[in-house]
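Chemist: A predicted structure for the sequence below; I have some questions about it.
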Amino acid sequence: PHSSIAFMLFMTMNYQTRTRAQSVRRGRALLAAALFVFAAGAASLYTISKNPSLEASSTSTELSTHEGASRRNDDDRRSLSIALAHGGCQVTYARESEVPIDPTWQASFPGSGARMTFNLIQALTGIHTNDDYNSHERGYERVVAVKTHYPVKNARHHFADLDQLFTRAIVILRNPLNAVPSYFNLQYEQLHHLPNHSTRGPNRDWLLYRDDPHDGLAAQLPNYENFVSYWMEKYPDRQQLLMISYEDLTDDFAGPIVAARIANFLGEVEGVNPIAAESVPCVWETVVNYKNVAEKVDVAAVEAAMSAAAEAEADEAGVEEVDSVRRRKKKKVNKRRALKGKTFADPSSLRTGPKKRPYTKQNLADMLAVFQRLVDRYNNDKDFVRIMGLYIEMVTNTVSAED
């Protein structure tokens, strides 16, 4: 187990090339990574078959008895997202499961990266997800996870009926310090008929929202507390509940390990065969860390590759007007070579506008009170307490607008 843990940590650290200026955050992320690996029992990280007997195998003779099952797993994974030999990454489109599977709730408070996690789960499993509105009209029998914001939102008032199909959940927590403003942005977009995940509302509108007694912090903080309590108590057996934080999932160091936990958790469901462990960091980089990856893209190299591909096609076809071919090729050319093999998934958010939102001292005090009540209520869950401790630290270090 220790060698597997070391391998996963080494793989993640080796894959990441960026550095953080904040050494305290790095240390916290590495500590979180260690907690994740031990808590999830992810020493194997699905690098061996889900057949329990294989876990005890130690010789080539014993392993050969599982050769057929292993080959089937390899065949299944050929169509999934993969890390390429030269260091690139190919994220393939998800599909409907070929067999009925038991879906998993993907629960989050609004503004906590639900769409990002939605995309990540599809990339990790190759299977479609859905939401509790059935927005994609995929039903619930052949999808791997279903997004919900319950009890904050009760989609079409049928959560209770739908919940009978579920026996497990992935819950994504995010500090309300950032989750509530993100939720405000979504409401601002809808109010002004803007595309989702395109715009951050101006601070003058944020202040009106923040102080609104019906929709602002006075309403959202109790909603947040109720959301957390509902899911913590719904699955007291932690084998059926994977609780992660948005902050860990988006962290350069802990993020790939959290993604591996998600894949491992979903892989426990019959009919779900996640991607290979060595591909997880690359897929995380492409789906979750896409903004930092995009900053590294050499646009000139991409255009050069497009032109070369178009001209090659024109020469082969004997077409004299290369420009017309180039225009068509821009839509079809495989950019993966110019982008070091990266195939970018649907961006989770491309919002522009102010990131920092002003809070009063009372706002911050109210958040701290929520965290403390939750810690007191669920102090037997060490990882939950760790996450709440991080949130307490973040809010404590936030300077109020009054200072």
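Modeler: Alright, I've got the coordinates. Numbering: from 1, shown residues only.
Chemist: I'd say V395 and L364 touch.
Modeler: Yes. If you go by Cβ atoms under 8 Å, V395 and L364 touch, sitting 5.4 Å apart. (C-beta placed from N, C-alpha, C; glycine too.)
Chemist: Show me where the stretch 51-200 of the chain has its helices.
Modeler: Assigned by DSSP state H, counting those that start in this stretch, the stretch 51-200 of the chain shows helices spanning 52-55, 60-64, 67-77, 114-125, 159-162, 176-191.
Chemist: mean pLDDT for those helices: which is lowest?
Modeler: Here the lowest mean pLDDT among these goes to helix 60-64, at a mean of 28.
Chemist: Let me see the ranges of the strands in the protein.
Modeler: Listed in chain order, the strands of the chain (DSSP state E) span 82-83, 89-90, 104-108, 130-131, 145-148, 169-173, 241-245.
Chemist: Deepest in the core, which of those is it.
Modeler: Of all these, strand 104-108 has the most neighbours on average by mean count of other Cβ atoms under 10 Å, namely a mean of 27.
Chemist: Would you mind measuring from L242 to E268?
Modeler: In this view, L242 and E268 are 10 Å apart by Cβ to Cβ, to the nearest Å.
Chemist: Please identify every residue contacting each of the two.
Modeler: Contact criterion Cβ atoms under 8 Å, 6 or more residues apart in numbering; residues shared by L242 and E268: none found.
Chemist: what sits against W105?
Modeler: So W105 contacts 145-146, 148, 166, 168-171 (Cβ under 8 Å, 6+ apart).
Chemist: redo that, cut-off 10 Å
Modeler: Residues near W105 by Cβ atoms under 10 Å, 6 or more residues apart in numbering: 132, 145-148, 150, 159, 162-163, 165-171, 231, 234-235, 240-241.
Chemist: Let's see the pLDDT reported for it.
Modeler: Predicted confidence (pLDDT) for W105: 98.
Chemist: What of G271?
Modeler: G271 is assigned 96 on the pLDDT scale.
Chemist: do the same with D132
Modeler: In this prediction D132 is given a pLDDT of 96.
Chemist: Make 48 the first number, not 1, from now on.
Modeler: Fine by me, first position is 48 from now on; the one you just mentioned is D179.
Chemist: check contacts around the closest residue to it other than its chain neighbours.
Modeler: Nearest-residue entry for D179: A202, 3.9 Å, with adjacent residues in sequence omitted and distances by Cβ to Cβ, 6 or more residues apart in numbering. Shown in contact with A202 (Cβ under 10 Å, 6+ apart): 178-182, 193-196, 209.
Chemist: Next one: A202 from D149, what distance?
Modeler: Taken as Cβ to Cβ, the span from A202 to D149 is 20 Å.
Chemist: what's the answer for M414, then?
Modeler: For M414 relative to D149 (Cβ to Cβ), the value is 36 Å.
Chemist: Please identify which of the two sits among more neighbours.
Modeler: Between M414 and D149, counted using other Cβ atoms under 10 Å, the more crowded position is M414 (24 against 16).
Chemist: What count of nearby residues applies to Y140?
Modeler: Y140: 12 surrounding residues under other Cβ under 10 Å.
Chemist: Also the one 10 residues further on?
Modeler: When neighbours are counted by other Cβ under 10 Å, P150 registers 26.
Chemist: show me what contacts it?
Modeler: By Cβ under 10 Å, 6+ apart, the residues touching P150 are 144, 174, 176-177, 186-193, 209, 212-215, 313, 316, 319.
Chemist: Now, of those, which are buried?
Modeler: 144, 174, 176-177, 187, 189-193, 209, 213, 215, 313, 316, 319 (16 or more other Cβ atoms under 10 Å).
Chemist: Just give me the closest of those to V305.
Modeler: L313 (12.9 Å; Cβ to Cβ).
Chemist: Now do the contacts for the nearest residue to that closest one once chain neighbours are set aside.
Modeler: Computed as Cβ to Cβ, 6+ apart, the closest residue to L313 that is not its neighbour in sequence is V319, at 5.2 Å. Shown in contact with V319 (Cβ under 10 Å, 6+ apart): 97, 144, 146, 148-151, 171-174, 191-192, 310, 312-313.
Chemist: likewise L296?
Modeler: 159-160, 163-164, 167, 219-221, 302-306, 308-309, 331, 335.
Chemist: in the sheet, who's paired with A154?
Modeler: According to DSSP bridges, the partner residues bridging A154 are T195, V218.
Chemist: right, and it touches F165 too?
Modeler: No. A154 is beyond contact range of F165, at 11.9 Å (criterion: Cβ atoms under 10 Å).
Chemist: what do the two both touch?
Modeler: 192-194.
Chemist: per-residue pLDDT, the closest residue to A226 other than its chain neighbours?
Modeler: Distance criterion Cβ to Cβ, 6+ apart; nearest residue to A226, sequence neighbours excluded, is G158 at 4.1 Å. Among the per-residue scores, G158 shows a pLDDT of 95.
Chemist: From what I see, G158 and R221 are in contact.
Modeler: Yes. Contact criterion Cβ under 10 Å: G158 and R221 qualify, at 6.9 Å.
Chemist: which neighbours do these two share?
Modeler: Common contacts of G158 and R221 (Cβ under 10 Å, 6+ apart): 227, 229-230, 271, 293.
Chemist: among these, who's most crowded?
Modeler: Busiest of these [other Cβ under 10 Å] is V227, holding 29 neighbours.
Chemist: Quick one: find the helix or strand in the chain with the lowest mean pLDDT.
Modeler: Lowest by mean pLDDT, DSSP states H and E among the helices and strands of the chain is helix 107-111, with a mean of 28.
Chemist: Just the CA coordinates for stretch 438-450, please, in CSV.
Modeler: These are the backbone C-alpha positions of stretch 438-450, laid out as CSV (Å, rounded to 0.1, in the frame of the first residue of the first chain):
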residue,chain,number,x,y,z
TYR,A,438,-13.0,27.3,5.7
ILE,A,439,-12.7,28.8,9.1
GLU,A,440,-9.1,29.8,8.2
MET,A,441,-10.2,31.4,4.9
VAL,A,442,-13.0,33.4,6.4
THR,A,443,-10.9,34.5,9.4
ASN,A,444,-8.2,35.8,7.0
THR,A,445,-10.8,37.7,4.9
VAL,A,446,-10.7,41.5,5.5
SER,A,447,-14.2,43.0,5.8
ALA,A,448,-15.3,45.9,3.6
GLU,A,449,-15.6,48.0,6.8
ASP,A,450,-11.8,47.7,7.6
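Chemist: Appreciated, that's everything.
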